[in-house]
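1. only geometry, no sequence info:
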């Protein structure tokens, strides 16, 4: 990618923003930047670049003396050492001083052949650092035996358990926390420090302020069990904040085991209504695990390039997620998967492999169809909407959930 342009002298002391796309396979990003004139005698034009990835995280600074700029596992001194995440990146031109108009040339080269894999995760867990029965390592071992690849440790309003994530013998653990406010519970995943729902005087913060604080740490934030029973059965559990639970990064549409039908179906229904109205919250499931449980439950499956926290957060942020109590799924629409975008001419082919006997519901923006399925499923769907989506739900003969997908987005050419 090459971007060329002019920065005018009247743009001195301003910031210019430019977006560019990093492809899914990228594992290395190399930048070269030049502008002229750079100086007139001792007087210098002073333009710097700052890069932010698709999660909004700072990725490095291209300064006046920068000779090379590489984001990757072999990052240069001025860049962050990480595999670049796919999606829309932002570069800010900081025009600190201009004594003349300048012409610039920015070249960005993306390299790599990263591929996506499926990882089984549990995003809502508790240890002895709050009210759980297991140590963090025991929790890790238990989840590994249950087939989980990763989990987020979300102790109630506490992060002391994060120190135990460094050495685990089972599933990979990532830092999280469950905020126990008086008006509902929220999960903060991937933060760097404790997020408090109170200010220094003990006064309740607005939830909008809490969201900003989480995002400033590079974390995702979502609402847990929004329609749980309230007090006195579950103190502070039901969501009553002046904040739409479907307006966060994600929302827990299934909480606990497979028996809690009514309240969870209220969450699923609310989430689908939100998506139909343009909402973007990603649906997740959480066992809210406090002690060993040998039952089956809905797991959160992420489709990511690797089992690193940034890759998992990216998948959750952009909907490369499905929920399942029956193991991995293979769902595709014109070879595109959950969370991806399909461009079509009015007809698409939906395929799901490896189903047992299920009642399948296919949800679109204005309709829903139900099918009794045993084995594989393939069907051509006629779509008239310019912008549409598919959400798939499946239930067993006792109305228990077998899987739920986040949307596959559909755009008619």
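-> On my side now, so go ahead. As the structure is a computational prediction, the values presented were derived from the model and not from experiment. Residues are numbered from 1 along each chain as shown.
2. remind me which residues of this structure are low pLDDT?
-> Of all residues in the chain, none has pLDDT under 70.
3. mind checking how far residue 400 is from residue 146?
-> 18 Å (Cβ to Cβ, to the nearest Å). C-beta coordinates here come from the backbone N, C-alpha and C atoms, glycine included.
4. which of these two has more residues huddled nearby?
-> Neighbour totals were compared for residue 400 and residue 146, and residue 146 leads with 19 against 14 (other Cβ atoms under 10 Å).
5. residue 403 pairs with what?
-> In this entry, residue 403 is beta-bridged to residue 324, residue 394, by DSSP bridges.
6. does it touch residue 328 like I think?
-> No: counting by Cβ atoms under 8 Å, residue 403 does not reach residue 328; the two are 9.7 Å apart.
7. which one of the two has more residues nearby?
-> Neighbours were tallied for residue 403 and for residue 328 using other Cβ under 10 Å; the higher tally belongs to residue 403 (25 against 14).
8. so how far is residue 395 from the more buried one?
-> 9 Å.
9. which residue ranges of the stretch 251-400 of the chain form helices?
-> 261-276, 309-317 (DSSP state H, counting those that start in this stretch).
10. burial check on residue 383, number of neighbours?
-> By other Cβ under 10 Å, neighbour count at residue 383 equals 21.
11. hmm, I was thinking of residue 270
-> Going by other Cβ under 10 Å, the residues that sit close to residue 270 add up to 19.
12. my guess is it contacts residue 252, does it?
-> No: between residue 270 and residue 252 there is no contact under Cβ under 8 Å: 11.6 Å.
13. overlap of the contact sets of the two?
-> Taking Cβ atoms under 8 Å, 6 or more residues apart in numbering as the criterion, residue 270 and residue 252 both touch residue 226.
14. just say helix, strand or coil for residue 143.
-> For residue 143, the assignment made with DSSP: H, G, I helix; E, B strand; the rest coil gives helix.
15. next, name the residue at the spatial heart of the chain.
-> residue 317 (2.0 Å; Cα atoms, centre = their mean).
16. which residues does it contact?
-> Contacts of residue 317 by Cβ under 8 Å, 6+ apart are 54, 55, 220, 249, 282.
17. what would those look like in a markdown table with distance to residue 347?
-> Below are these laid out as a markdown table (distance: Cβ to Cβ, whole Å):
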| residue | distance to residue 347 |
| --- | --- |
| 54 | 31 |
| 55 | 35 |
| 220 | 35 |
| 249 | 33 |
| 282 | 27 |
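18. go through those and flag which are in strands.
-> If you go by DSSP state E, the contacts of residue 317 have 220, 282 in strands.
19. all helices for the stretch 1-150 of the chain, in order.
-> 136-145.
20. strands along that one, start to end?
-> Secondary structure of the stretch 1-150 of the chain by DSSP state E, counting those that start in this stretch: the strands cover 2-7, 14-22, 28-36, 39-40, 43-44, 46-52, 58-62, 69-72, 87-97, 102-111, 117-125, 150-153.
21. comparing the ones you listed, which comes out most buried?
-> strand 150-153 (a mean of 27; mean count of other Cβ atoms under 10 Å).
22. following element in sequence after it, please.
-> strand 172-181 (DSSP states H and E).
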